[in-house]
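[1] Have a look; sequence and predicted model below, questions after that.
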Amino acid sequence: MTRTVYVNGDYVPESEAMVSVFDRGFLFADGVYEVTSVLDGKLVDFDGHAVRLERSLSELGMGHPITKDDLLAAHRELVRLNDITDGLVYLQITRGSDGDRDFVYPAADTPQTVVMFTQNKPGLADAPAARTGIKVISIEDQRWARRDIKTVQLLYPSMAKMAAKAAGCDDAWMIEDGHVTEGSSNNAYIVKGNKIITRQLSNDILHGITRAAVLRFAKEAQMEVEERLFTIEEAKQADEAFVTSASTFVMPVVEIDGATIGTGAPGKIAPRLREIYLDESRKAAI
Ligand code: PDD
């Protein structure tokens, strides 16, 4: 089955989808994106992603070319057309193109580019890695200073992921001024004596939609949560570690820079949070 993708209001086979070579997303990484997971054919936390998208667009002075209702309808239509039970919907909005390359933004009425596509991931919620845990390396955080905006400038996170792969690991935790910021494409947490510790929100990290939900569920389950800076040394001494994102949900981390975390297997808290998150998300999915 060929994938149907969304381009500026049209649903087209992926081989016929076209965007200008002058698109500012392509030339300047002048675009923002969202990734929403699909479980049982329904969208997880669509509202959270839509709200963050609006914020990303506003922070970059971009227009809002699609209403929230139309965005939801397009997500659902793509899920239906591509017969997705478990998977992801990727959405990207760029500042568009006025047909040339110029650092100066094009006129405000220049049509923006809106692209969406699905990724079919059968068994997404049942990833084997969630049972074994993943291994991470640490790497300096060399991204720009507005990581709260979900832009498509993902070269450094890709480099971090490649460095992790080269070291025989799954992912990288990025470090700034001695403290962990976040994972290459996820938020980072440690657990010490039943307390869940994660970096506080600021422009230094993406305000994860999964993070917000997981911290809410943790508090509702009477778990202790502390939002503060932590170092990689503290992380290596932690009882547990984990990451969260729309594509991995809650994923235990069992090794950091070669140091075993806890027993080297997922502990109690991360798997429990994963279970709660998946249960609640399935219930609330639309
Ligand atoms: N990444 N931090 C970074 C740097 C991210 O790229 C992501 C998401 C997150 C987690 O955010 P959320 O819980 O809203 O997915 C944190 C997506 C999944 C991606 O780039 O594929």
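    Looks like it came in fine. Numbers count the residues shown, from 1 in each chain.
[2] what residues does the stretch 101-250 of the chain put near the ligand?
    182, 185-187, 206, 208-211, 244-247 (CB under 6 Å from any ligand atom). Using the backbone N, CA and C atoms, a C-beta is placed for each residue, glycine as well.
[3] any chance you could map the helices in the chain?
    24-28, 46-59, 68-81, 129-132, 155-166, 209-220, 232-236, 269-284 (DSSP state H).
[4] Export those helices as a markdown table, with columns for mean neighbour count and mean pLDDT.
    Shown next, in a markdown table, are the helices of the chain (neighbours: other CB atoms under 10 Å; pLDDT from 0 to 100):
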| stretch | mean neighbour count | mean pLDDT |
| --- | --- | --- |
| helix 24-28 | 19 | 98 |
| helix 46-59 | 18 | 98 |
| helix 68-81 | 16 | 98 |
| helix 129-132 | 14 | 98 |
| helix 155-166 | 16 | 98 |
| helix 209-220 | 19 | 98 |
| helix 232-236 | 18 | 98 |
| helix 269-284 | 18 | 98 |
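[5] closest to residue 37 out of those?
    helix 269-284 (7.9 Å; CB to CB).
[6] returning to what we had before: between the helices of the chain, which gets nearest to residue 252?
    Nearest of the helices of the chain to residue 252, taken as CB to CB: helix 269-284 at 4.2 Å.
[7] name the helices or strands packed onto the closest one?
    Helix 269-284 sits against strand 31-39, strand 187-192, helix 209-220, strand 240-245, strand 249-256, with contacts defined as 3 or more CB pairs under 8 Å, 6 or more residues apart in numbering; DSSP states H and E.
[8] can you list the residues that contact it?
    37, 39-40, 42, 44-45, 125, 130, 189, 191, 194, 196, 210, 213-214, 217-218, 221, 223, 240-242, 244, 249-252 (CB atoms under 8 Å, 6 or more residues apart in numbering).
[9] quick one, it and strand 240-245 angle?
    For helix 269-284 against strand 240-245, the angle by axes from the mean of the first three to the mean of the last three CA atoms, to 10 degrees is 30 degrees.
[10] and helix 269-284 with strand 31-39, angle?
    Going by the same axes, to 10 degrees, helix 269-284 makes 90 degrees with strand 31-39.
[11] what domains does the record give for the chain?
    The record's domain parsing of the chain by automatic domain parsing lists 4-124, 129-284.
[12] any idea which of these is most buried?
    When those are scored by mean count of other CB atoms under 10 Å, the highest mean neighbour count falls to domain 129-284 (a mean of 18).
[13] who's in contact with residue 191?
    Taking CB under 8 Å, 6+ apart, we find residue 191 in contact with 197, 238, 239, 240, 241, 242, 267, 269, 270.
[14] now the residue of the stretch 1-150 of the chain found nearest the ligand, which residues is it bridged with?
    Here the residue of the stretch 1-150 of the chain nearest the ligand is residue 35; by CB to the nearest ligand atom that distance is 4.1 Å. With DSSP bridges as the criterion, residue 35 is bridged to residue 90.
[15] just checking, it touches residue 246?
    Yes - in terms of CB atoms under 8 Å, residue 35 counts as a neighbour of residue 246; the distance is 5.0 Å.
[16] now for the helices of the chain, which one comes closest to residue 94?
    Among the helices of the chain, the nearest to residue 94 by CB to CB is helix 24-28 (3.1 Å).
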